[in-house]
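Trainee: need a 3D model of the following:
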Amino acid sequence: MAYGISHVAPNLRGYMERYPEVEVDLTLNDRVVDLVDEGYDMAIRIGELRDSSLIARRIAVSHMVACAAPSYLAEHGTPEHPGDLQDHACLAYTYVSNPSRWKFISGGETVTVNVQPRLVSNNGDAIAAAAISGLGVIIQPSFIVEAALQDGRLVEILTGFDAGSFGIHAVYPSGRLVSARVRTFIDYLVACAGTDG
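Mentor: Numbers count the residues shown, from 1 in each chain. Coordinates of the predicted model:
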């Protein structure tokens, strides 16, 4: 939902001005929809692609960022190592494979930490808002936290450890011809993201 609000919706005007005959029905939801059964032409999937029957085109790549509010860090201290997170209030996203297992990479080695999330939510913006209020530590995509990091509402932590990255893909069913409107919309999103798809 957050990517749709921050990166798709703001680009709709340019696309619709270029293709005035196209009508767009934009549905925002964090759950994984069934494109065929629910009648969608395409979807944007973030993270690991599990349905191999879909055709996917990469729109962008997003990096995960571990961060917390300055007020939280002032009260509870700043974690220096991922293992320190076991002693911190962690806020997690519902739709990851395991909200209680956070992974980092350092020096080519994976560091896995089992946390006890104080809050779990199915919406990344809600998790970020809770973190900004000082509730705890989050790992969220850069497109969700970038503004709060820039203005100081959140502070990146564990900068020596890579919290991972994932692809953002446009997907559509493989069993049907891709319509011109879907193809042009995907091309437009790729161009707006500045990637080669």
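Trainee: for the closest residue to residue 75 other than its chain neighbours, grab the count of nearby residues.
Mentor: The spatial neighbour of residue 75 that comes closest, neighbours along the chain excluded (CB to CB, 6 or more residues apart in numbering), is residue 134 at 7.5 Å. The C-beta positions use only the backbone N, C-alpha and C, and glycine is treated the same way. Other residues near residue 134 number 16, with proximity taken as other CB atoms under 10 Å.
Trainee: could you count how many residues lie near residue 8?
Mentor: Burial of residue 8, expressed as a neighbour count using other CB under 10 Å, amounts to 18.
Trainee: tell me the pLDDT at it?
Mentor: According to the per-residue confidence, residue 8 scores 89 in pLDDT.
Trainee: could you verify my assumption that it touches residue 26?
Mentor: Yes - here residue 8 lies in contact with residue 26, judged by CB atoms under 8 Å, at a distance of 7.0 Å.
Trainee: ok, the residue nearest to residue 75 touching residue 76?
Mentor: No - with contacts defined as CB under 8 Å, residue 134 does not count as touching residue 76, sitting 9.4 Å away.
Trainee: so what's the residue nearest the centre of the chain up against?
Mentor: Note on the chain: the residue nearest the mean C-alpha position is residue 141, at 4.5 Å, using CA atoms, centre = their mean. Listed by CB atoms under 8 Å, 6 or more residues apart in numbering, the contact partners of residue 141 are 2-3, 46, 62-65, 124, 166.
Trainee: give me the element the residue lying farthest from the centre of the chain is part of.
Mentor: The centre of the chain is farthest from one residue, residue 21, which by CA atoms, centre = their mean lies 30.9 Å away. Taking DSSP states H and E as the criterion, residue 21 maps to no regular element, lying outside all helices and strands.
Trainee: the helices in the chain, which residues?
Mentor: With DSSP state H as the criterion, the chain has helices at 2-3, 12-18, 35-38, 70-76, 124-132, 142-150, 180-193.
Trainee: now these in CSV, with distance to residue 88?
Mentor: Listed next are these as CSV, based on distance: least, CB to CB, whole Å:
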stretch, distance to residue 88
helix 2-3, 23
helix 12-18, 39
helix 35-38, 39
helix 70-76, 6
helix 124-132, 11
helix 142-150, 17
helix 180-193, 33
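Trainee: reformat those as JSON lines; add distance to residue 56 and mean pLDDT.
Mentor: Formatted as JSON lines, the entries for the helices of the chain read as follows, by distance: least, CB to CB, whole Å; pLDDT from 0 to 100:
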{"stretch": "helix 2-3", "distance to residue 56": "15", "mean pLDDT": "82"}
{"stretch": "helix 12-18", "distance to residue 56": "20", "mean pLDDT": "91"}
{"stretch": "helix 35-38", "distance to residue 56": "12", "mean pLDDT": "82"}
{"stretch": "helix 70-76", "distance to residue 56": "37", "mean pLDDT": "98"}
{"stretch": "helix 124-132", "distance to residue 56": "21", "mean pLDDT": "95"}
{"stretch": "helix 142-150", "distance to residue 56": "19", "mean pLDDT": "94"}
{"stretch": "helix 180-193", "distance to residue 56": "10", "mean pLDDT": "88"}
